[in-house]
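Sequence unavailable; structure follows:
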């Protein structure tokens, strides 16, 4: 990327408009460092030569009496920094007896200036936008492709009879409908609704015609029973074992749910449909949003990521841990490293798979059977539950 273009991008990222704001930016950057005890901009002092010297930013590190003083020359130029600036930096360092001196710019240095600075012990830094190679083989943006497959039981129907006290049949029917139309299929027993437990029962009718239903042994929880049946069929399907869309649970012995208010639901059969589903989605994580800029040490060939603060706070940046600059050759990428093409993830759902109508990143498919055979068909993206009865 051309250096002038780097300067424009840095200006946009950090909100820098001129050399004064660039100096303030550098001052704030070093002020965030944990080891900094004092940072000052436009530092003025008389040197050993008797000349008045001015340093753009001076930083003091350490703790008393072990203090290291760093002078920084900030150059927000449109052209590369030349050797004359190295002379100025070295003269200030020696005259003010500073421990270290650095020159920071956004446009780079002339080749001769780099060699000269190294001979004089002057550090050279470039603040530039982060690039793919700064993040290794993966690059700045991690791409994810996710493939998920599973199923869910739909169109649950009951072949059952509701027994209620005379005169309360309508209320009982409404109550049972509300309970059985909102069954939560949970893998955790603690989340199961105990009011829909299934029991064996016996029926007795007195000589005067009064019929009573007596609860017997516990059979299972209704939701758990459906979940267990679903799990078996789901496993069979994805493991290419015999399976089907239509499922039926038949009770050979009298079985019922005993609700409060003397409501009994005698259950003969439970029917539901297996809806086999798969989804495809793609998303990205742009690590450059967190680390939009790099402080590159030209002399030491090292890089320091600059971490951005959250958008809700004023534009501040912090130095992260430095590391040697890496030259990434994608042709030599290790087999276990993630490359620029991203990561592919395959997920087999172990619980009933749900579909969200607010999910704009995924494409859902369902397995359908028609006159042409069995095939995967897209599920209505705007209303994924509108066609759940189709098989």
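Arrived safely. This one's a predicted model, so the numbers in the text were calculated from it and none came from an experiment.

all contacts plus neighbour counts: C-alpha atoms, from now on.
OK.

quick one: residue 55 is in a helix?
No. With DSSP: H, G, I helix; E, B strand; the rest coil as the criterion, residue 55 is assigned strand and is not in a helix.

In contact with the residue nearest to it when sequence neighbours are not counted, which residues?
In this structure, residue 55 finds its nearest non-sequential neighbour in residue 43, 5.1 Å apart by CA to CA, 6 or more residues apart in numbering. Going by CA atoms under 8 Å, 6 or more residues apart in numbering, residue 43 touches 54-58.

and which of those is nearest residue 356?
Within those, proximity to residue 356 (CA to CA) peaks at residue 57, which comes in at 54.2 Å.

Skipping adjacent residues, who's closest to that closest one in space?
Take residue 57 and drop its neighbours on the chain: the residue closest to it by CA to CA, 6+ apart is residue 41, 4.4 Å away.

circling back: name only those of the contacts of residue 43 that count as buried.
Neighbour counting over the contacts of residue 43 (16 or more other CA atoms under 10 Å) leaves 54-58 as the buried ones.

Could you check how many residues crowd around residue 234?
Under the neighbour criterion other CA atoms under 10 Å, residue 234 is assigned a count of 26.

What pLDDT is listed against it?
In this prediction, residue 234 carries a pLDDT score of 95.

check which helix or strand covers it.
Counting by DSSP states H and E, the element that carries residue 234 is helix 222-238.

buried sites along that helix?
222-227, 230-231, 233-235, 237.

OK, contacts around the residue nearest to the spatial centre of the chain?
Centroid check for the chain by CA atoms, centre = their mean gives residue 285 as the closest residue, at 7.3 Å. By CA under 8 Å, 6+ apart, the residues touching residue 285 are 141-143.

show me where pLDDT drops low in this structure?
For the chain, the stretches flagged by pLDDT under 70 are 1-4, 311-315, 381-391.

what residues go with each domain of it?
Here the domain parsing of the chain from automatic domain parsing is 3-129, 153-272.

Residue 372 is nearest to which of these?
domain 153-272 (16.4 Å).

Run the chain-centre distance for the closest one.
40 Å (CA atoms, centre = their mean, to the nearest Å).

now do stretch 128-148
Going by CA atoms, centre = their mean, the spacing between the C-alpha centre of stretch 128-148 and its chain's C-alpha centre is 14 Å.

Span of stretch 182-196 from start to end?
In stretch 182-196, first residue to last residue: 11 Å (CA to CA, to the nearest Å).

Same question for it: list its buried residues.
Under the neighbour-count criterion of 16+ other CA under 10 Å, stretch 182-196 has 183, 185, 192-193, 196 buried.

got the contact list for it?
Contacts of stretch 182-196 (CA under 8 Å, 6+ apart): 221-224, 226-227, 257-259, 351-352.

Throw those into a markdown table and include distance to residue 325, thanks.
A markdown table is the format used below for these (distance: CA to CA, whole Å):
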| residue | distance to residue 325 |
| --- | --- |
| 221 | 61 |
| 222 | 61 |
| 223 | 58 |
| 224 | 57 |
| 226 | 58 |
| 227 | 54 |
| 257 | 69 |
| 258 | 71 |
| 259 | 70 |
| 351 | 45 |
| 352 | 47 |
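
List just the nearest of those residues to residue 95.
Distances from residue 95 to the contacts of stretch 182-196, taken by CA to CA, are shortest for residue 351, at 72.8 Å.

Output the contacting helices and strands for the host helix or strand of residue 90.
Assigned by DSSP H and E, residue 90 falls within helix 83-95. Judged by 3 or more CA pairs under 8 Å, 6 or more residues apart in numbering; DSSP states H and E, the packing partners of helix 83-95 are strand 100-105, helix 111-120.

which secondary structure elements does the next helix or strand after the last one contact?
Yep, that's helix 111-120 we're talking about. Using DSSP H and E, the helix or strand that follows helix 111-120 in sequence is strand 123-129. Contacts defined by 3+ CA pairs under 8 Å, 6+ apart place strand 123-129 against helix 3-14, strand 100-105, helix 111-120, strand 293-297.

Any idea which of those gets closest to residue 329?
strand 293-297 (19.5 Å).

ok now the closest one, how far from the chain's centre?
Computed by CA atoms, centre = their mean, the separation of strand 293-297 from the middle of its chain amounts to 26 Å.

Which SSE is immediately downstream of it?
strand 302-308.

what's the helix or strand that that next one is followed by in contact with?
The helix or strand immediately downstream of strand 302-308 is strand 317-319, counting by DSSP H and E. By CA under 8 Å, 6+ apart, the surrounding residues in contact with strand 317-319 are 29-30, 32-33, 304-309.
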